[in-house]
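>>> have a look at this prediction, sequence included:
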Amino acid sequence: MNNTAIFSVGQLVQHSLFEYRGVVIDVDPKFMLSEEWYELMAKSRPPKHEPWYRILVHEPQHETYVAQRNLHACGIEEEISNPSIDTYFSAFENGKYILDKGRAN
């Protein structure tokens, strides 16, 4: 059992199965959505007791919720294109987004 988050807010990640890339906008220590969502969306049945991440996805311009085991660090250190990016981050530096300090959590 691994409850330690290996990714942080602002980090670029890539989905291991679907290969899309995005940026972490939130980290949950365990699965926090409904059982109905899990049954419908989590087809590979990733563990609920490990960290899950909210991700802004590049170009399809949506947000997704992903289990830690389905993510890896992204090797492309380029900004993502998503209309919500400015809602969360104030800058992009050295391959990582900088959290907007004025944003209320």
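It's in.

>>> avg pLDDT for the helix or strand harbouring Gln14?
Element membership for Gln14, per DSSP states H and E: strand 12-15. With pLDDT averaged residue by residue, strand 12-15 scores 97.

>>> go on, stretch 89-100?
The predicted model gives stretch 89-100 an average pLDDT of 94.

>>> got the contact list for it?
9-12, 23, 77, 79, 85-88, 101-102 (CB atoms under 8 Å, 6 or more residues apart in numbering). All C-beta atoms are positioned from the backbone trio N, CA, C, and that covers glycine.

>>> check stretch 25-32 too.
Looking at what lies outside stretch 25-32 - CB under 8 Å, 6+ apart - the contacts are 3, 5, 7-9, 38, 48-56, 63, 67, 88.

>>> ends of that stretch, how far apart?
With CA to CA, to the nearest Å applied, stretch 25-32 spans 15 Å between its terminal residues.

>>> the strand ranked longest in the chain pairs with which strands?
Counting residues, the longest strand found in the chain (DSSP state E) is strand 21-28. Here strand 21-28 has these sheet partners by DSSP bridges: strand 12-15 (antiparallel), strand 52-57 (antiparallel).

>>> about what we covered before: can you name the two of the contacts of stretch 89-100 that are farthest apart?
Glu77 and Gly102 (25.2 Å; CB to CB).

>>> who has more neighbours, those two?
Shown here are Glu77 and Gly102; by other CB atoms under 10 Å, Glu77 has more neighbours (10 against 6).

>>> list the buried residues in stretch 29-43.
Under the neighbour-count criterion of 16 or more other CB atoms under 10 Å, stretch 29-43 has Phe31, Tyr38, Ala42 buried.

>>> now do that stretch, average pLDDT.
The average pLDDT within stretch 29-43 is 93.

>>> can you give the distance of that stretch from its chain's centre?
In terms of CA atoms, centre = their mean, to the nearest Å, the centre of stretch 29-43 is found 15 Å from the chain centre.

>>> same deal with stretch 79-98?
13 Å.

>>> next: stretch 12-25.
Distance, centroid of stretch 12-25 to centroid of chain: 7 Å (CA atoms, centre = their mean).
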